[in-house]
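>>> Below is the structure, and that's it, no one-letter string:
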């Protein structure tokens, strides 16, 4: 039996590998066509980087500005201000009474929790919708798609009242649960598509061998669905890290604020005089995880965009 | 049928039932979360909009009174008009710039992926973070915006962007177009890359110019992607909140108050939950109609 399973698995993997190779060849052919059509690679690169500068230089400029002392940030930029760079804003932000570290940690807790729970719950649901037949499966998938179209901004008021009833206001776990629910429709959609692409024989072979449902998922299917899970987790992380309105509404204690909300206190000078140096340092801190996560996992991000676009 | 056959088929239905139960079990956590945090609030919101729901205490049914009140609520109507105006201003620039950028990055040339990544960064970083940065850089005297535009002779370096309605709206629109163009670029690029290369080649053989190939080959095949990116950007504009809250607080006065801001204010500052729910229902209907129209359009394209 064990050999049968490994053979079956092997064959299915082989199929995937063949499909992959075909795809690679097709892509290569397309790439060759593109290159043939093109010319002036250096000119293209120069023009392209020039255009990119419009989008990147402002962000880089803000990093530079955040390294200027407070007194310089509130002065017009000058040649002299380039000479004096310091981590003073960051030190003040991360150590003083206006302790932002706690807010950064709140953001991290919420974003990581949301990413993990969304990926797991969406994977289970995707598995259920793609590989199992049960009464009401069409209806429930339809409901998930309806939820896909409901913007949370438009249900913020009833959500607030409901979360008050459920004692989920002023709770990082409550916020993470809401973020999870909001990210689930996309995640379920992505994961269902991942499971639909799994060769049928692979699942059947595992079942014949007596593997449990979850066993099949965590051993045989895992390598095939990890990309989908990465996409789901990445979207959930980026959403929760940058989300502002719901965090502003569902959290009222300063000590529970996520980073984007806590910066409102810095902006409005709740910690004393308005300090633009601190504000920029805080904004740069909130920018970094997004950029790192996106650049590292870009492949998975683009996959998600394409599958979302195909959904239409 | 033999006894063994009957037993076999019964065992099979038993297994099928067990599998059905497993399937239901697998999807139930997701269904529960979506129900609690999206579907129930959706129904609950409609219910509350028919009441005079206070923050604490009992409430009464008041029928459609909240909706009638909305017709005379100048602040809400003003916020709708403002949001429509804002949407009208940013939508086309986002589409046109996004399209041009997509043409740039759809190529297979070396560096295209890098260029695409860089252009997309503002969208990844998020409008909230960027709004804070913009607040600092739009300050009179010290902000970079006035410094650069002042040197170019476009504005005076004392221009206070965020306290004049027109200037604030201009600054926010520029920021939003800069932020959102990358998303449209990505969506259109995905569509453009699926246009078969042969179509361009035959257009070239026909002696078509670049622009006419673009118009005759790319654009018709790109209809779905264009509609999708338009809908995403229109809905996004309709739901705008963060940039206005952070940069102008809806001011000066209430001149840059967006719809979502006016809902939030009504609910959490005036504590008129019933009225705020009615406003939310109006917003859901507007967004729903846009989504539905897009859905129908895309379905028609499939036939």
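Ah, there it is. Every value quoted in this text rests on a predicted model; they were computed, and no experiment measured them.
>>> surely residue B:235 meets residue B:291?
Yes. The criterion here is Cβ atoms under 8 Å, and residue B:235 meets it with residue B:291 at 7.3 Å. Quick note: C-beta positions are derived from backbone N, CA and C, even for glycine.
>>> so what's residue 30 scoring on pLDDT?
Picked chain A for this. Looking at residue A:30, its pLDDT reads 48.
>>> could you do chain B instead?
97.
>>> Whichever strand or helix holds it: what's the following helix or strand?
If you go by DSSP states H and E, residue B:30 is part of helix B:3-34. As assigned by DSSP H and E, the chain's next helix or strand after helix B:3-34 is helix B:40-48.
>>> in that next one, what counts as buried?
B:41-42, B:44-46, B:48 (16 or more other Cβ atoms under 10 Å in any protein chain shown).
>>> got TSV for those, with pLDDT too?
Below are the buried residues of helix B:40-48 laid out as TSV (pLDDT from 0 to 100):
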residue	pLDDT
B:41	96
B:42	95
B:44	94
B:45	94
B:46	95
B:48	93
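>>> Taking these together, which two end up most distant?
Longest distance between any two of the buried residues of helix B:40-48 is 11.2 Å, between B:42 and B:48; criterion Cβ to Cβ.
>>> between the two, what contacts are shared?
Both residue B:42 and residue B:48 are contacted by residue A:158, under the criterion Cβ atoms under 8 Å, 6 or more residues apart in numbering or on different chains.
>>> Which residue would be the closest one in the stretch 51-200 of chain B to chain A?
residue B:108 (3.0 Å; Cβ to the nearest Cβ).
>>> Is that residue in a helix, a strand, or coil?
coil (DSSP: H, G, I helix; E, B strand; the rest coil).
>>> Backbone dihedrals for it, both of them.
Note on residue B:108: its backbone torsions stand at phi -90, psi 10 [degrees, to the nearest 10].
>>> likewise residue B:51?
phi -130, psi 170.
>>> Quick check: residue B:285 is in a helix.
Yes. According to three-state DSSP, residue B:285 belongs to a helix.
>>> Tell me who's in contact with it.
With Cβ under 8 Å, 6+ apart, residue B:285 has no contacts at all.
>>> same thing with residue B:181?
Neighbours of residue B:181 in contact, by Cβ under 8 Å, 6+ apart: B:93-94, B:97-98, B:101, B:119.
>>> in the host helix or strand of it, what counts as buried?
Following DSSP H and E, one finds residue B:181 within helix B:165-193. Buried positions in helix B:165-193, judged by neighbour count with 16+ other Cβ under 10 Å: B:168-169, B:171-173, B:175-193.
>>> Count the neighbours of residue A:101 for me.
Residue A:101: 11 surrounding residues under other Cβ atoms under 10 Å in any protein chain shown.
>>> Tell me, please, where in the chain the pLDDT is lower than the cut-off.
Going with chain A. Flagging of chain A using pLDDT under 70 yields the residue ranges A:1-39, A:76-82, A:96-98, A:270-273, A:307-312.
>>> Wait, chain B was what I had in mind.
In chain B, residues with pLDDT under 70: B:1-12, B:301-303.
>>> Can you pull up the most central residue in it?
The centre of chain B sits closest to residue B:236, judged by Cα atoms, centre = their mean, with a distance of 2.1 Å.
>>> residues in contact with the nearest residue to it once chain neighbours are set aside?
Closest residue in space to residue B:236, ignoring its immediate chain neighbours: residue B:180 at 6.9 Å, by Cβ to Cβ, 6 or more residues apart in numbering or on different chains. Counting by Cβ under 8 Å, 6+ apart, residue B:180 touches B:90, B:94, B:98, B:123, B:233, B:236.
>>> any idea which of the residues you listed is closest to residue B:253?
Using Cβ to Cβ, residue B:90 is the member of the contacts of residue B:180 that lies nearest residue B:253, at 21.9 Å.
>>> so how many other residues sit close to that closest one?
Using other Cβ under 10 Å, residue B:90 has 24 neighbouring residues.
>>> One more: residue B:144?
Residue B:144: 19 neighbours (other Cβ under 10 Å).
>>> swap in residue A:57?
So residue A:57, with other Cβ under 10 Å, has 11 neighbours.
>>> separation between it and residue B:183?
20 Å (Cβ to Cβ, to the nearest Å).
>>> can you check residue B:41 too?
27 Å.
>>> Who's the closest spatial neighbour of residue A:67, skipping the chain neighbours?
residue A:85 (4.4 Å).
>>> Give me the secondary structure label for residue B:155.
coil.
>>> Can you report how many residues lie near the nearest residue to it once chain neighbours are set aside?
The shortest distance from residue B:155 to any non-neighbouring residue, by Cβ to Cβ, 6+ apart, is to residue B:149 (4.6 Å). The tally of other residues near residue B:149 (other Cβ under 10 Å) stands at 16.
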